[in-house]
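>>> below is the sequence, then the predicted model.
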Amino acid sequence: MSTQSASSAPQLTSPTEDDAARQYGAVLFFSDFDDPVTWGDALKENIPGLDFRVYPDVGNPDDIRHVLAWKPAPGFFEPFKNIAQVINLGAGIDLLVGRNDLPDVPISRLSDPGMIALMRSYVLFSVIRYARNIPEFEQAKRRREWQYIHPRPLHRIKVGVLGLGHLGGAVASGLAAAGFDVRGWDHADKTIDGVKTFGASKRDAFLSDVEILVNMMPHTKHTEKLIDKTVFDALPRGAKFVNASRGPVVDEPALVEALRSGHLGGATLDVFWVEPLPQDHPFWGMENVLITPHLASITVPEAAARDVAESIRRVSAGGEPLHRADTRRGY
Ligand code: GLV
């Protein structure tokens with residue numbers, strides 16, 4: 001925007017805005033969960049004058065070069081013919097793959113230290129809650145009962161992490177640093193300090209003595225219902241399950257059955273096939289299930305904006321964004 005100055009020569013009051021618009025085009029923000037004001041401020045701190053627009057105040061759709069979005073509805077991208085990149089306001093890009101309203105542009109995800117710290121804290125909390133028998137004490141309190149359970153040293157408690165990607169790897173090393181006996185499984189060979197890793201063909205060996213299983217797999221066509229009856233059956237009786245990644249990686253009826261039969265001793269679930277979890281879902285009525293509403297981790301704008309700004313700069317200069325996802329793999 002420009003205004004006329006009081007002096008005779010017309011001046012742009014804010015040359016950086018025009019510069020930024022010319023250099024980068026406009027950024028469109030869409031999310032029902034994230035705060036656009038904090039994001040706008042954080043991005044403009046990195047790119048002064050950035051043309052930052054918040055959906056539905058799009059202006060001319062042809063100006064939009066970069067889209068920063070979380071869960072855009074089908075058809076969302078159709079009006080924007082000049083998109084150069086899409087940045088997912090989160091880790092899992094499952095809702096951005098296989099769409100027919102999106103041109104062939106780079107899609108990247110966020111991977112900032114704030115998001116990693118939150119995810120690590122959620123999983124640590126969930127695992128420690130089981131390791132320190134907190135559900136039993138919550139029940140004993142309701143019965144007004146002083147129930148002593150001798151604590152087990154953490155290094156004897158076997159925790160398994162399924163999926164050792166960006167977040168899964170950080171979670172596994174966080175658990176190891178906390179003192180647990182940590183094992184990890186991934187379809188690719190991974191090495192993580194303090195974690196015993198198992199490759200693709202070693203899934204059952206990995207599961208056979210895991211007491212607390214943590215799912216950190218992304219949702220792709222290859223991982224859908226990957227955690228099914230055979231996985232639950234391979235765990236020792238009484239094992240606990242934590243899902244902090246995506247609901248559809250789990251065969252939900254098989255999980256309900258494993259919890260009902262007592263083969264699984266409990267579950268901490270942040271993600272589900274259908275969110276919000278429907279009122280009549282059996283999980284709500286299960287004493288041994290802790291439900292949180294998909295918030296194990298969120299993106300922290302102050303931490304992530306640096307990377308997003310860098311991707312805007314790079315893509316505008318014809319380069320690659322940071323944290324580009326592989327849409328064929330789905331993560
Ligand atoms: C949250 O679920 C994310 O993918 O960031």
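All right, it came through fine.
>>> render the CA-only coordinates of whatever helix or strand Thr268 lives in in CSV, please.
Using DSSP states H and E, Thr268 sits in strand 264-269. Backbone C-alpha positions of strand 264-269 (Å, rounded to 0.1, in the frame of the first residue of the first chain) are rendered in CSV as follows:
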residue,chain,number,x,y,z
LEU,A,264,-3.9,-54.7,26.3
GLY,A,265,-3.8,-53.2,29.7
GLY,A,266,-4.5,-49.6,28.6
ALA,A,267,-4.2,-47.0,25.9
THR,A,268,-3.5,-43.3,25.6
LEU,A,269,-5.0,-42.0,22.4
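>>> and the next element down the chain from it?
Under the assignment DSSP H and E, the closest C-terminal helix or strand after strand 264-269 is strand 289-291.
>>> now what about that next one, what contacts it?
Outside of strand 289-291, the residues within contact range by C-beta atoms under 8 Å, 6 or more residues apart in numbering are Ser126, Arg129, Pro135, Leu259, Gly266, Ala267, Thr268, Leu269, Leu277, Phe283, Trp284. For glycine as for every other residue, the C-beta is placed from the backbone atoms N, C-alpha and C.
>>> what residues does the protein put near the ligand?
For the chain, the residues in contact with the ligand (C-beta under 6 Å from any ligand atom) are Gly90, Ala91, Gly92, Ser297.
>>> and Phe206, helix, strand or coil?
When the structure is split into helix, strand and coil by DSSP: H, G, I helix; E, B strand; the rest coil, Phe206 lands in helix.
>>> how far away is Ala84 from the ligand?
Here Ala84 is placed at a distance of 22 Å from the ligand (C-beta to the nearest ligand atom, to the nearest Å).
>>> kindly report the same for Gln147.
36 Å.
>>> for Ile93, the count of nearby residues, please.
Other residues within reach of Ile93 by the criterion other C-beta atoms under 10 Å amount to 23.
>>> quick one: pLDDT of it?
On pLDDT, Ile93 comes in at 94.
>>> quick one, what contacts Val105?
Ile83, Ala84, Gln85, Val86.
>>> closest one of these to Ser121?
Val86 (28.3 Å; C-beta to C-beta).
>>> burial measure for that closest one, as a count.
Val86 sits with 24 neighbouring residues when counted by other C-beta under 10 Å.
>>> for it, give me phi and psi.
phi -120, psi 130 (degrees, to the nearest 10).
>>> isn't it up against Leu96?
Yes. Counting by C-beta atoms under 8 Å, Val86 does reach Leu96; the two are 6.4 Å apart.
>>> quick one: find the helix or strand in this protein with the lowest mean pLDDT.
Averaged element by element with mean pLDDT, DSSP states H and E, the chain has its least confident helix or strand at helix 15-24 (a mean of 82).
>>> for that helix, list every residue counted as buried.
Glu17, Ala20, Ala21, Gln23, Tyr24 (16 or more other C-beta atoms under 10 Å).
>>> tell me which residue of this protein lies closest to the ligand.
The minimum distance from the chain to the ligand, using C-beta to the nearest ligand atom, falls at Gly90 (2.6 Å).
>>> list the contacts of that residue.
Counting by C-beta under 8 Å, 6+ apart, Gly90 touches Trp70, Arg109, Leu110, Met115, Ile298, Thr299.
>>> in JSON lines, list the residues you listed along with neighbour count, distance to Asp193 and secondary structure.
JSON lines is the format used below for the contacts of Gly90 (neighbours: other C-beta atoms under 10 Å; distance: C-beta to C-beta, whole Å; DSSP: H, G, I helix; E, B strand; the rest coil):
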{"residue": "Trp70", "neighbour count": "19", "distance to Asp193": "33", "secondary structure": "coil"}
{"residue": "Arg109", "neighbour count": "22", "distance to Asp193": "24", "secondary structure": "coil"}
{"residue": "Leu110", "neighbour count": "25", "distance to Asp193": "25", "secondary structure": "coil"}
{"residue": "Met115", "neighbour count": "23", "distance to Asp193": "21", "secondary structure": "helix"}
{"residue": "Ile298", "neighbour count": "19", "distance to Asp193": "27", "secondary structure": "coil"}
{"residue": "Thr299", "neighbour count": "25", "distance to Asp193": "26", "secondary structure": "coil"}
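>>> between the residues you listed, which is closest to Pro56?
Of all the contacts of Gly90, the one sitting nearest Pro56 is Trp70; the distance, using C-beta to C-beta, is 15.1 Å.
>>> right, and that closest one touches Asp32 too?
Yes. With contacts counted by C-beta under 8 Å, Trp70 reaches Asp32, the gap being 7.4 Å.
>>> what about the helices in the stretch 151-300 of the chain?
Assigned by DSSP state H, counting those that start in this stretch, the helices in the stretch 151-300 of the chain fall at 166-177, 203-207, 229-234, 252-260.
>>> and among those helices, the most buried is which?
The highest average neighbour count among the helices of the stretch 151-300 of the chain, using mean count of other C-beta atoms under 10 Å, belongs to helix 166-177 at a mean of 23.
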